[in-house]
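Colleague: Below: sequence and its predicted model.
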Amino acid sequence: MFVALSLVALLLVLPMNRLARALAVVAAFLAASYPFTKRFLSLPQAYLGIAFGFGIPMAFAAVRSELPMAAWTMLASNVFWALAYDTEYAMVDRDDDLKIGIRTAAITFGRFDVAAVMICYAATLALLAAVGRIEALGALYYAGLAVAAGIAVYHYTLIRDRSREGCFRAFNHNNWFGAAVFGGVLASYLAG
């Protein structure tokens with residue numbers, strides 16, 4: 001299945017420019033190597049953020065044939081967001097992960113896990129605000145970020161006692177965080 005899906009993905013990359021194809025090679029390596037990172041990285045969630053977010057520079061390369069600052073700022077934002085949401089998930093499995101000897105951000109952050117998650121959400125939003133400035137997005141974009149910030153605060157109420165149920169609910173609720181950001185982007189472009 002992996003090989004079949006990889007070949008289909010290769011067909012999607014072939015008509016793109018040279019820069020996008022080169023980045024696709026890096027993206028393929030990141031995606032293939034991510035499953036092994038829990039064995040040797042203390043923050044595999046950061047690697048996940050790079051692997052999941054590498055489509056960002058690829059999209060800029062495909063559309064603009066360049067990699068502007070906005071692309072790298074968005075990728076950095078994605079890394080912090082992955083650290084936030086996947087640490088929430090790792091908080092659910094912390095006891096099991098300790099037993100089997102794999103590494104996660106929840107284990108690395110220890111008793112500072114809740115604070116680290118909230119700092120990662122703040123970094124995500126700050127970087128997205130910087131992207132808004134770089135790309136000259138309007139007030140509706142920032143309204144979307146404000147809604148996302150409210151959702152992050154709600155996540156704090158879910159994870160602050162570190163219950164498995166609350167942490168899992170926060171993890172699953174991240175689609176609303178992303179929807180708020182997307183809504184802000186869409187509203188800004190439609191109004192502009």
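Modeller: Alright, I've got the coordinates.

Colleague: Report how many residues lie close to residue 88.
Modeller: Residue 88 has 28 neighbouring residues, counting by other Cβ atoms under 10 Å. In short, each C-beta sits where N, CA and C put it, glycine included.

Colleague: unless I'm mixing things up, it is touching residue 160, no?
Modeller: No: contact criterion Cβ atoms under 8 Å: residue 88 and residue 160 do not qualify, at 11.5 Å.

Colleague: Look up how far residue 58 lies from residue 23.
Modeller: Per Cβ to Cβ, to the nearest Å, residue 23 is found 5 Å from residue 58.

Colleague: which helices and strands sit right next to the helix ranked longest in the chain?
Modeller: The single longest helix within the chain, with elements called by DSSP state H, is helix 69-100. Counting by 3 or more Cβ pairs under 8 Å, 6 or more residues apart in numbering; DSSP states H and E, the packing neighbours recorded for helix 69-100 are helix 44-53, helix 55-64, helix 105-109, helix 113-134, helix 139-159, helix 164-172, helix 174-191.

Colleague: make it 6 Å
Modeller: Contacts defined by 3 or more Cβ pairs under 6 Å, 6 or more residues apart in numbering; DSSP states H and E place helix 69-100 against helix 44-53, helix 55-64, helix 105-109, helix 113-134, helix 164-172.

Colleague: quick one: it to helix 55-64, angle?
Modeller: With axes from the mean of the first three to the mean of the last three Cα atoms, to 10 degrees as the basis, helix 69-100 and helix 55-64 are set at 160 degrees to each other.

Colleague: now the angle between helix 139-159 and helix 69-100, please.
Modeller: Counting by the same axes, to 10 degrees, helix 69-100 lies at 10 degrees to helix 139-159.

Colleague: Buried residues, helix 69-100. List them.
Modeller: For helix 69-100, the neighbour count (16 or more other Cβ atoms under 10 Å) marks 70-71, 73-94, 97 as buried.
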